[in-house]
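Student: Using only what follows, build the 3D model:
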Amino acid sequence: MIHNENISFALNFDRNTFVFVNSKFGFTLVPKCLNDKIYQFHFEKIIGKFEVTKIALDKEFLTEIPFDSGSNTFKCEKGNKPTLEIFMSAKIVMKKADYVEAFYHLQICPKEMIILEIYDYIQRVLEIPEYKLQFNYYIKRIAEENVEIAFDNHEGVRIQYHIGKFKFYVRPTQVADYKLSLIFERPIKSEFESAESRPNSSLSSQTSVKAVKELEEQADIQYTNITHISSSDDNASIQSSTNSEILHQNFMKFEATQESPKFDTQPSEVDQFIQTSQKFLDEVFDMLKVGIFGAEPENA
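Tutor: You can find the predicted model right below:
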């Protein structure tokens, strides 16, 4: 995208003139006397990349001045501080941005500054935890009645709407209590950070109760299906399929919130119950067998 800019300012023949177009473009005009009337001006300390297309001494560009793009200079006759018109163009790229403004409450009590000797300083950290933003700032006693508060700024943050390093001055007896504005681009969260910021999963404290309850209901069904009493051997036993091992593994995930399910009776009581039941069934079977097959008719 080509952007055109027309700037106007008073031309100074005696000293350098810094021209600030915007935060992206700027330059300094340095005058050089060639003779009594003619001065040459050189573009120096150029900020950004742009092209000077026209220079004139009037807004209508009727009095145009030749510009040498090779040496970045032009010549002008000395007059009564003429107004210079410069028409410039630049190729720019528009950038989508998502800016955030956060605030930092800066508090420094006089006692901290008074105890400093001249040229002593205290180092502190400005931190915005929500955006993981932090950098150092310094409380410097630079004179008897002057303390400098200076901020490092390597992140391109706008502190009080200023880009780069920022500083201001207070008296050592003054209470420094300021609400600082910090403007910066919203950090792009990585995939890992995004996962951390999501709501807690089903294993979290908020939903663990519900999850355990559902697992308990599932456990009741599974234990009913896979557990049975077998009397095929002399010693009765409790048999469980491999599903019980899977269920046990599932329950291990919920150890922090719920104890594993337990039988209402202890294994020793189950064994005693089985033995008593087996003995009772054997006696009934013997009685039935004798009653049906063992007794012969008296007249046979």
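
Student: Tell me how the chain divides into domains.
Tutor: Domain ranges of the chain: 2-91, 99-185, 208-281, per automatic domain parsing.

Student: Make a markdown table out of those and add mean pLDDT and mean neighbour count.
Tutor: Where you see a C-beta, it was placed from the backbone N, CA and C, and this is true even at glycine. Shown next, in a markdown table, are those (pLDDT from 0 to 100; neighbours: other CB atoms under 10 Å):
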| stretch | mean pLDDT | mean neighbour count |
| --- | --- | --- |
| domain 2-91 | 89 | 14 |
| domain 99-185 | 92 | 14 |
| domain 208-281 | 47 | 12 |
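
Student: What segments of the stretch 51-200 of the chain are helices?
Tutor: Assigned by DSSP state H, counting those that start in this stretch, the helices in the stretch 51-200 of the chain fall at 110-114, 191-197.

Student: ok, residues contacting the first one?
Tutor: Contacts to helix 110-114, defined as CB atoms under 8 Å, 6 or more residues apart in numbering, come from residues 122, 139, 141, 147, 170, 172, 173, 174, 175, 176.

Student: Tell me which residues touch the second one, please.
Tutor: Read that as residue 139. Listed by CB under 8 Å, 6+ apart, the contact set of residue 139 reads 108, 112, 113, 116, 121, 122, 124, 147, 148, 149.

Student: Can you tell me how far it is from residue 171?
Tutor: Going from residue 139 to residue 171 by CB to CB, to the nearest Å gives 13 Å.

Student: what is in contact with the two at once?
Tutor: With contacts defined as CB under 8 Å, 6+ apart, the residues shared by residue 139 and residue 171 are residue 147.

Student: what residues are up against residue 72?
Tutor: 42, 43, 44, 46, 52 are the contacts of residue 72 under CB under 8 Å, 6+ apart.

Student: now do residue 69
Tutor: Contact analysis of residue 69 by CB under 8 Å, 6+ apart lists 51, 52.

Student: nearest residue to residue 51 other than its sequence neighbours?
Tutor: Nearest non-adjacent residue to residue 51, counting by CB to CB, 6 or more residues apart in numbering: residue 89, 5.4 Å away.

Student: That neighbour contacts residue 1, doesn't it?
Tutor: No: using CB atoms under 8 Å, residue 89 is not in contact with residue 1, being 10.8 Å away.

Student: returning to that earlier point: next, format the contacts of residue 72 as a markdown table and append secondary structure and distance to residue 153.
Tutor: Formatted as a markdown table, these follow (DSSP: H, G, I helix; E, B strand; the rest coil; distance: CB to CB, whole Å):
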| residue | secondary structure | distance to residue 153 |
| --- | --- | --- |
| 42 | strand | 32 |
| 43 | strand | 29 |
| 44 | strand | 26 |
| 46 | strand | 24 |
| 52 | strand | 32 |
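
Student: ok, so of those residues, who is nearest residue 73?
Tutor: Residue 73 has its nearest neighbour among these in residue 42, at 4.9 Å by CB to CB.

Student: How much space separates the nearest residue to residue 108 once chain neighbours are set aside from residue 152?
Tutor: By the measure of CB to CB, 6+ apart, the closest residue to residue 108 outside its immediate chain neighbours is residue 176, 3.8 Å from it. Here the criterion is CB to CB. By it, residue 176 lies 18 Å from residue 152.

Student: Residue 159 too?
Tutor: 10 Å.

Student: same question, residue 138
Tutor: Distance, residue 138 to residue 152, by CB to CB: 8 Å.

Student: Over to residue 126?
Tutor: 9 Å.

Student: if I look at these two, which residues touch both of them?
Tutor: Residues touching both residue 126 and residue 152 (CB under 8 Å, 6+ apart) are 135, 136, 137.

Student: Phi and psi next, for the residue lying closest to the second one once chain neighbours are set aside.
Tutor: It refers to residue 136. Counting by CB to CB, 6+ apart, residue 152 is the residue found nearest to residue 136 once chain neighbours are left out, at 4.7 Å. Backbone geometry at residue 152, expressed as degrees, to the nearest 10, gives phi -70, psi 150.
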